[in-house]
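**Student:** Need coordinates for the below:
(one chain, ligands or ions: 1)
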Amino acid sequence: MFWSKAFIPTLKETPKEAESVSHQLLLRAGFTRMLMAGAYTYLPLGLRVLEKIQGIIRQEMNACGASELLLPALHPLELWQKTGRDKDLGEVMFKFKDRRGRTIALGPTHEEVITDLVKNNCSSYRQLPLVLYQIQTKFRDEIRPRFGLIRACEFIMKDAYSFDQDEAGLDKNYQLMFEAYKRIFSRCGLKTLITEADSGVMGGKVSHEFMAQAPLGEDVVMLCPKCKLAAAFKEGNSLCPKCRIDMDKVNTIEVGHIFKLGIKYSQAIEANFSDAKGQLKPVIMGCYGIGVSRLVSAIIEQNNDADGIVWPGEVAPFDVMVLPLDITNAAIKQEALGLYDQINAAGFTALLDDRDERAGVKFKDADLIGLPLSIVIGKKSIAEKNIEARVRKDRSTVHIPKEELVSFINGQVLKGR
Ligand SMILES: [Zn+2]
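**Tutor:** Residues are numbered from 1 along each chain as shown. Here you go, the predicted structure:
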């Protein structure tokens, strides 16, 4: 991709409306724009990161045996009335009447819809276990949308649902998801604390939250400084149960939440199956969510410095920035185009900064958007027949022989992953 065609509107000044580091950087580096409070446009760079994250999630979900589908965002309110959650969610739910006078909700989550689907299409124990997931836009009428993608009214989630005939099946699927979540967040370059949590409006008995540490995070987690045990925050309850010492309060962002739902939804919606003896029983469910768009912000909160974003290798919008110092110089331009082709041909993705801008502007923007590696091309590197590579993470500069470019990128990009 050439910068001149990519649409990357970077900003010199920090926008006043942005309260968090990630929100500031997403705006400044040209990844997102706000349409109104809680509703965001993903610009081309932002969309690429989102797609990288979704790719990791799909790989890990498919590896667990989960199957992807896509449920509608428009829900008949009657379905929500069956579980009583239209009342539980209250004003958080966007509702409106269609032209036939029917009340429609914009899906804030999908337990009711998927349970109804399984009820109508799965009636025998032979069809279980079943794990289904989707990556979809959700809608919640937040009182106070804040921090950019962290608390938005329109956001993207991955939600998975397991359907089993017994508790042992649920335990097995829950454990598979638990392990998959650890891999997903680690591949995204995110450090998370895992806490046993309150199931709240979702119901069910057991649930775990995956919390990313970030200064602006609104969820407080207790962390033992000694054994690193994490626990949900409860007033008066600040002693580590193992070490008997005071735990620290840390601010976090919730990025994932998994629940053993049991039969709460299947009972209310009458999603039953006949077991091996022909007896009708409600299916036993689990649900597993990841805030996909929120992850973009959480990753930036943990991966940035004074000059901009420092993308972890696997979620960077491109692997390499090709940075010709003077694009009006024919020899430099030709060299840059050659290296750009070589990098793409080797299976990496490159962004070529083909703008007729001062080198200082290009370096600043390269640091701001934060690709793992920049290849700098100037008269000097051409004369010396080597390549100047700048590693974003540790700000080191390396000079490498031209013929070693691909193996160098390979090492750097894979190291970042
Ligand atoms: Zn401890």
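**Student:** residues from the stretch 151-300 of the chain in reach of the ion?
**Tutor:** Proximity of the stretch 151-300 of the chain to the ion is confined to 224, 226, 227, 229, 240, 242, 243 under the rule CB under 5 Å from the ion. C-betas here are computed from N, CA, C, even on glycine.
**Student:** The fourth one touches residue 240, doesn't it?
**Tutor:** Yes - taking contacts as CB atoms under 8 Å, residue 229 lies within contact range of residue 240: 5.8 Å.
**Student:** Which one's more surrounded, those two?
**Tutor:** Here residue 229 and residue 240 are set side by side on neighbour count (other CB atoms under 10 Å), and the busier one is residue 240, at 19 against 16.
**Student:** what's the more buried one in contact with, if anything?
**Tutor:** Applying CB atoms under 8 Å, 6 or more residues apart in numbering, we find residue 240 in contact with 224, 226, 227, 229, 246, 247.
**Student:** Pull out the buried members of these.
**Tutor:** Among the contacts of residue 240, the ones that count as buried by 16 or more other CB atoms under 10 Å are 224, 229, 247.
**Student:** Just give me the neighbour total for the closest residue to residue 370 other than its chain neighbours.
**Tutor:** Nearest residue to residue 370, sequence neighbours excluded (CB to CB, 6 or more residues apart in numbering): residue 309, at 3.4 Å. A count of neighbours around residue 309, defined by other CB under 10 Å, yields 26.
**Student:** Phi, psi for residue 309 please.
**Tutor:** phi -80, psi 150 (degrees, to the nearest 10).
**Student:** Going by residue numbers, what spans are helices in the stretch 201-350 of the chain?
**Tutor:** For the stretch 201-350 of the chain, the helices defined by DSSP state H, counting those that start in this stretch occupy 264-269, 292-302, 330-345.
**Student:** Return the list of helices and strands in contact with whatever helix or strand comes next after the last one.
**Tutor:** Spelled out, that is helix 330-345. Once helix 330-345 ends, the next helix or strand along the chain (criterion: DSSP states H and E) is strand 350-352. Under the contact criterion of 3 or more CB pairs under 8 Å, 6 or more residues apart in numbering; DSSP states H and E, strand 350-352 touches helix 3-6, strand 320-324, helix 330-345.
**Student:** at 6 Å what do you get?
**Tutor:** Using 3 or more CB pairs under 6 Å, 6 or more residues apart in numbering; DSSP states H and E, the elements in contact with strand 350-352 are strand 320-324, helix 330-345.
**Student:** Could you point out which of these sits nearest the ion?
**Tutor:** strand 320-324 (43.0 Å; CB to the ion).
**Student:** Would you mind stating the distance between residue 181 and residue 307?
**Tutor:** Per CB to CB, to the nearest Å, residue 181 is found 31 Å from residue 307.
**Student:** so which of the helices and strands packed on strand 350-352 comes closest to residue 234?
**Tutor:** Among these, strand 320-324 comes nearest to residue 234, with 46.6 Å by CB to CB.
**Student:** low pLDDT regions in the stretch 51-200 of the chain?
**Tutor:** For the stretch 51-200 of the chain, applying pLDDT under 70 flags the ranges 198-200.
**Student:** ok, 90 please
**Tutor:** 144, 146-148, 196-200 (pLDDT under 90).
**Student:** Which residue ranges of it form helices?
**Tutor:** Remark: helices assigned in the stretch 51-200 of the chain by DSSP H, counting those that start in this stretch are 77-83, 85-89, 111-121, 167-187.
**Student:** Domain-wise, how is the protein divided?
**Tutor:** Per automatic domain parsing, the domain ranges recorded for the chain read 3-305, 318-416.
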